[in-house]
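*Asks:* Any chance you can model this:
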Amino acid sequence: MSQAIASVGPQPRHDSSSRLMVIGGAMLATLAVIALLAPVIAPHDPEAVEVRRVLGAPDLLHPFGSDVLGRDVLSRVIHGLRVSLIVSLSAVAGSLLFAVPLGLVAGYFGRWVDTTVSRGLDLILVFPAMLLAVTFIAILGPGSVVAAIAIAVIYLPILARVMRTSTLIVSRNDYVTGARARGASHWRVLLNHIAPNALGPVIVQASVLSAFALQLEAGLSFLGLGTQPPTPSLGGMLADGREVLIQAPWVEIFPGLAIVVAVLAFTFLGEGLRRAFDPKGVAE
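*Replies:* Prediction:
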């Protein structure tokens, strides 16, 4: 009887993590398909202006209505979602490209290497995220590429710290000590033994940060610092529709819902991965 109770104990956690990963993964996969097929799925040209359809209400031909220039909101949401996903995912991927080796080296070698890397990353953490992004854009100019670079720099110290902590934990394991005793070089130990086992928490953190990256990209576009018109962006659509919110609420509602759904997809996936692969909370 006790064995049966013991076996049932951890099951809800496993089920909940699997459920969240499935839900988040399915939502994200659906959004990715929509983004990839945006030119095919979108019923209208997202940049086409129709004077007769200015602030047109939703109907069969325009299910999400039209904006202040008569452009189809549904088509702009689809294309804006594409831009937001590309910017957020490329920013996190670019940040991972530098954060993983930096955290790996800092956690493994320690001493002056750790101090140098950690203090350098701390300099980035001094600045608030939005202020740092605005600074980058002020220097390099507005645009989706610059926004992606700014977001990547913002999340670099966070991901590097998680990688460093995970490396410190993995480095204490017996198989690492055994590899060193057999005469394996430092780089061989890092690449073959530590890196594959330390990446889990970093991947979890990256999936969670993707949600915040999407929000940050939308915020920058809302301020006119991210994706530039006439290219559709979810944040830019929110900025365009704020003055007609009472008259035509659909101009604001549907881009906002797209952001909410995308953020929820990343959040569910990240939380499911955390429960499954990071039970010790290294990525928190």
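*Asks:* what's the neighbour count on residue 171?
*Replies:* Neighbourhood size, residue 171 [other CB atoms under 10 Å]: 19. C-beta here means a position set from N, CA and C on the backbone, and glycine is covered the same way.
*Asks:* Can you list the residue ranges for helices in the stretch 151-284 of the chain?
*Replies:* Counting by DSSP state H, counting those that start in this stretch, one finds helices in the stretch 151-284 of the chain at the ranges 174-181, 186-189, 195-222, 234-241, 250-277.
*Asks:* Quick one: the strands in the stretch 51-200 of the chain, in order.
*Replies:* With DSSP state E, counting those that start in this stretch as the criterion, the stretch 51-200 of the chain has no strands.
*Asks:* Residue 237 versus residue 251, what's the distance?
*Replies:* 7 Å (CB to CB, to the nearest Å).
*Asks:* Pull up the overlap in contacts between those two.
*Replies:* By the contact definition CB atoms under 8 Å, 6 or more residues apart in numbering, residue 251 and residue 237 are jointly contacted by 67, 73.
*Asks:* Quick check: the gap between residue 121 and residue 137.
*Replies:* Distance of residue 121 to residue 137, given as CB to CB: 21 Å.
*Asks:* I'd like the average pLDDT over the longest helix seen in the chain.
*Replies:* Identified as the longest helix of the chain according to DSSP state H is helix 73-109. The average of the pLDDT scores along helix 73-109 is 92.
*Asks:* chain center to it, what's the gap?
*Replies:* Helix 73-109 sits 6 Å away from the centroid of its parent chain (CA atoms, centre = their mean, to the nearest Å).
*Asks:* What helices and strands are in contact with that helix?
*Replies:* Counting by 3 or more CB pairs under 8 Å, 6 or more residues apart in numbering; DSSP states H and E, the packing neighbours recorded for helix 73-109 are helix 11-36, helix 38-41, helix 111-125, helix 144-171, helix 186-189, helix 195-222, helix 234-241, helix 250-277.
*Asks:* Which of the ones you listed sits closest to residue 65?
*Replies:* Nearest of the helices and strands packed on helix 73-109 to residue 65, taken as CB to CB: helix 250-277 at 4.0 Å.
*Asks:* Give me the residue ranges of this structure where confidence is low.
*Replies:* 1-17, 183-184, 186, 277-284 (pLDDT under 70).
*Asks:* Identify the residue nearest the geometric centre of it.
*Replies:* residue 210 (0.9 Å; CA atoms, centre = their mean).
*Asks:* Any figure for the gap between the residue lying closest to residue 208 once chain neighbours are set aside and residue 94?
*Replies:* In space, and not counting its chain neighbours, residue 208 is closest to residue 270: 3.7 Å by CB to CB, 6 or more residues apart in numbering. Going from residue 270 to residue 94 by CB to CB gives 18 Å.
*Asks:* what sits up against stretch 176-184?
*Replies:* Against stretch 176-184 from outside (CB under 8 Å, 6+ apart): 170, 188-189, 192-194.
*Asks:* Could you pick out the buried ones from these?
*Replies:* Neighbour-count burial (16 or more other CB atoms under 10 Å) applied to the contacts of stretch 176-184 gives 170, 189, 193-194.
*Asks:* right, and the pair among the residues you listed with maximum separation?
*Replies:* 170 and 189 (10.3 Å).
*Asks:* quick one: residue 45 from residue 251, how far?
*Replies:* Distance of residue 45 to residue 251, given as CB to CB: 17 Å.
*Asks:* for stretch 187-206, which positions count as buried?
*Replies:* Applying 16+ other CB under 10 Å to stretch 187-206 flags 189-190, 193-195, 197-206 as buried.
*Asks:* Correction: the previous question concerned stretch 177-188.
*Replies:* Neighbour-count burial for stretch 177-188 [16+ other CB under 10 Å]: residue 179.
*Asks:* CA atoms of that stretch as CSV?
*Replies:* Extracted in CSV, the C-alpha atoms of stretch 177-188 (Å, rounded to 0.1, in the frame of the first residue of the first chain):
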residue,chain,number,x,y,z
THR,A,177,36.2,14.1,-11.8
GLY,A,178,36.8,10.7,-13.5
ALA,A,179,37.3,12.3,-16.8
ARG,A,180,40.0,14.6,-15.4
ALA,A,181,41.7,11.7,-13.6
ARG,A,182,41.9,9.8,-17.0
GLY,A,183,43.9,12.8,-18.3
ALA,A,184,41.2,14.4,-20.5
SER,A,185,41.9,18.0,-21.4
HIS,A,186,39.9,20.9,-20.1
TRP,A,187,38.2,21.5,-23.4
ARG,A,188,37.4,17.9,-23.8
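*Asks:* All good on my end, thank you.
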